[in-house]
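> Predicted model follows, preceded by the sequence.
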Amino acid sequence: MTQPTVPIVSEIRKFNRFYTKVLGLLNQQVYDSPFSLTETRILFEINSTSNCTAKFLQEELDLDRGYVSRILKRYEELDIIYKQKWEEDGRTYFIHLTEKGKIIYHDLETKAEQQVKFLLKNLEMEKQQNLIESMRTIEMILSEYMEQNESAISIRDEYTAEDKELIIEKQRAFYSDNYGFDETFLDYLHDSFDGKIKKIWIAEDNGKFAGCVGLVEENEATAILRWFIVEPSIRGKGVGTHLVQTLLNYCKEQQYERVFLWTVSSLPIARRLYGKFGFKITETKEEQLLWGQRIVEERWDLELK
């Protein structure tokens, strides 16, 4: 392990101070609104997460339970959110934005976009692209560091028949335990392995299954992302990001023009990750009864060229 030199440490600290100054506007009040940065992030999560709960907000944003409760209570008093009891479990309440809340949220989004445009308006397109590439490089390097220090994760791209059975069982158990999918989902999983499998990447934590993602070729220009899952005990350590990035790197090397996937609207963490990589929703199917549950299917596409 190479120890950083004093100049390197100084440069990183200097950058931290600079970046904090750039984002200083967001530290206390966001976009001239009465909401703090944390309160705005909570609005974002409620708007973008299907069946959002207080527990999800606590875990996703790493916030104290009482703090989240106070913010949600204030939002209810301001008629920004409303709670809906889950029919299958009366102890669980889903949180939704009211019409007033949606207007406030979209106003904040508009101001956020305006702020970024103002920040970049005098930069040439080449410099804007350099800035984005630098941001991606910082995120990638620090993500790898966090993964290496939090868990001994390795990824392999060779798989066996036993691996495929394990992947199927992991998928079945996750969707059955968390979303109530019935036995017809198991049939779907078995059938899904009949496609033109190009690759399956399996992440392991000290030799134990930690997650996976697979690639099916639709045609020479288009690949399909499938079987993405991360073990619950491993989440938050960057494994999902590493798996998807590995798949996309391979797709670029193989000169695919696009990658797409199908998912359901009730997977907030996975959907957020897809959005992070630039995937966009291109098709939404009407709510239907599938695998014993009423779900909404979404197609997400990423253009590589």
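Nice, I can see it. Numbers count the residues shown, from 1 in each chain.
> next structured bit after the helix or strand containing D177?
Here D177 sits within helix 161-179, counting by DSSP states H and E. For helix 161-179, the following helix or strand on the C-terminal side (DSSP H and E) is helix 184-192.
> Need the residues that contact that next one.
Surrounding helix 184-192, the residues in contact under the criterion Cβ atoms under 8 Å, 6 or more residues apart in numbering are 168, 171-172, 175-176, 226-227, 291-292. For glycine as for every other residue, the C-beta is placed from the backbone atoms N, C-alpha and C.
> Q84: which of those residues is nearest?
Q84 has its nearest neighbour among these in G292, at 21.3 Å by Cβ to Cβ.
> ok, N51 touching S266?
Yes. N51 lies in contact with S266 (Cβ atoms under 8 Å); the separation is 5.7 Å.
> what residues do those two have in common as contacts?
Common contact partners of N51 and S266 (Cβ under 8 Å, 6+ apart): none.
> residue boundaries of the strands in the stretch 201-305 of the chain?
Assigned by DSSP state E, counting those that start in this stretch, the stretch 201-305 of the chain shows strands spanning 208-217, 222-230, 258-264, 280-284, 288-290, 293-295, 297-303.
> Let me see the contact set for the residue most central in space within the chain.
Note on the chain: the residue nearest the mean C-alpha position is L273, at 2.2 Å, using Cα atoms, centre = their mean. For L273, the contact set (Cβ under 8 Å, 6+ apart) comprises 240-241, 244.
> Distance of it relative to E231?
15 Å (Cβ to Cβ, to the nearest Å).
> likewise I200?
Shown here: I200 relative to E231, a distance of 16 Å by Cβ to Cβ.
> Also F18?
Counting by Cβ to Cβ, the gap from F18 to E231 is 38 Å.
> So which of the two has more stuff around it?
The neighbour count for F18 versus E231, taken as other Cβ atoms under 10 Å, is higher for E231 (17 against 10).
> Correct me if wrong: that one contacts C212.
No. Between E231 and C212 there is no contact, the gap being 9.6 Å when judged by Cβ under 8 Å.
> what do the two both touch?
K170.
> Which parts of this structure are helices?
Using DSSP state H, the helices of the chain run over residues 6-22, 24-27, 37-48, 54-61, 65-77, 99-120, 125-150, 161-179, 184-192, 239-253, 268-276.
> Pull out the buried residues from the last one.
By 16 or more other Cβ atoms under 10 Å, the buried positions in helix 268-276 come out as 268, 270-271, 273-274.
> which among those residues gets closest to S36?
P268 (22.1 Å).
> Out of the helices of the chain, which gets the lowest mean score?
For the helices of the chain, the weakest mean pLDDT is recorded on helix 24-27, namely a mean of 50.
> circling back to that earlier point, what would the contacts of helix 184-192 look like in TSV with neighbour count and distance to E109?
TSV is the format used below for the contacts of helix 184-192 (neighbours: other Cβ atoms under 10 Å; distance: Cβ to Cβ, whole Å):
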residue	neighbour count	distance to E109
I168	17	39
Q171	21	34
R172	17	37
Y175	21	31
S176	16	36
R226	21	31
W227	21	33
W291	18	33
G292	14	36
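> Serialize these to a markdown table and add fields for distance to N219.
Converted to a markdown table, these look like this (distance: Cβ to Cβ, whole Å):
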| residue | distance to N219 |
| --- | --- |
| I168 | 25 |
| Q171 | 25 |
| R172 | 29 |
| Y175 | 28 |
| S176 | 33 |
| R226 | 15 |
| W227 | 20 |
| W291 | 28 |
| G292 | 33 |
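> What are the contacting residues of stretch 84-98?
The contact list for stretch 84-98 (Cβ under 8 Å, 6+ apart) reads 43, 46-47, 51-54, 57, 72, 79-83, 105, 180.
> and if you look at stretch 56-63?
Contacting residues not belonging to stretch 56-63 are listed as 38, 41-42, 45-46, 49, 64-65, 68, 72, 95, 268-269 [Cβ under 8 Å, 6+ apart].
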